[in-house]
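Predicted model follows, preceded by the sequence.
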Amino acid sequence: MRTLLSIVLVLIVLGAVAFFALGYWTGRPAGDAVGTGGVVDVDRARERGAALGEKAAAATAELREEASDASLTTKIKAKMALDDLVKARAIDVTTERGVVTVSGSVSSQAERERALALARDTEGVTRVVDHLQVR
């Protein structure tokens, strides 16, 4: 037990010596934090903060818009999947800034009109672009 205690004590002393020696070789006292030197330009820091804030706001708005477009696409596809007349698997729906593009193939003019009506009647849709083909 005494031997184990002696080994631990020697390791602690060696660690402390190494810590202080490292500080001596680097030219800094051990334990000193690295900091900035000089004067901080507060006005410049505020300008940079404002610019970063504007970029963050723009990125947030873009993300919100993309999420809105994805939501519209999902709503329209769900409506088509639940509709008895429309074969949703053969129809592609994409949305960009509220403009919905419906493409693919349908088996009748009635199915085409119903698919377009489902897209137009979805809240948030500003325009529907028809690229459906009747086979």
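Happy to help now that I have it. The shown structure was predicted, so the numbers you read here are calculated from the model rather than taken from an experiment.

So which residues of this protein form helices?
Under the criterion DSSP state H, the chain contains helices at 2-26, 42-82, 109-120.

domains of the chain?
1-31, 65-135 (automatic domain parsing).

Mean pLDDT per helix and strand in the chain: which one sits at the bottom?
helix 2-26 (a mean of 75; mean pLDDT, DSSP states H and E).

Could you name the helices and strands sitting against that one?
Contact partners of helix 2-26 among helices and strands, from 3 or more CB pairs under 8 Å, 6 or more residues apart in numbering; DSSP states H and E: none. The C-beta positions use only the backbone N, C-alpha and C, and glycine is treated the same way.

hmm, back to that, for Gln133, find the nearest of the helices of the chain.
helix 109-120 (8.5 Å; CB to CB).

from the middle of its chain, how far away would the closest one be?
Here helix 109-120 is found 34 Å from its chain centre; the criterion is CA atoms, centre = their mean, to the nearest Å.

Report all helices and strands that it contacts.
Applying 3+ CB pairs under 8 Å, 6+ apart, one finds that helix 109-120 contacts helix 42-82, strand 99-106, strand 127-134.

Please produce TSV containing the ones you listed, extended by distance to Leu5 and mean neighbour count.
Below are these laid out as TSV (distance: least, CB to CB, whole Å; neighbours: other CB atoms under 10 Å):
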stretch	distance to Leu5	mean neighbour count
helix 42-82	54	12
strand 99-106	77	18
strand 127-134	82	14
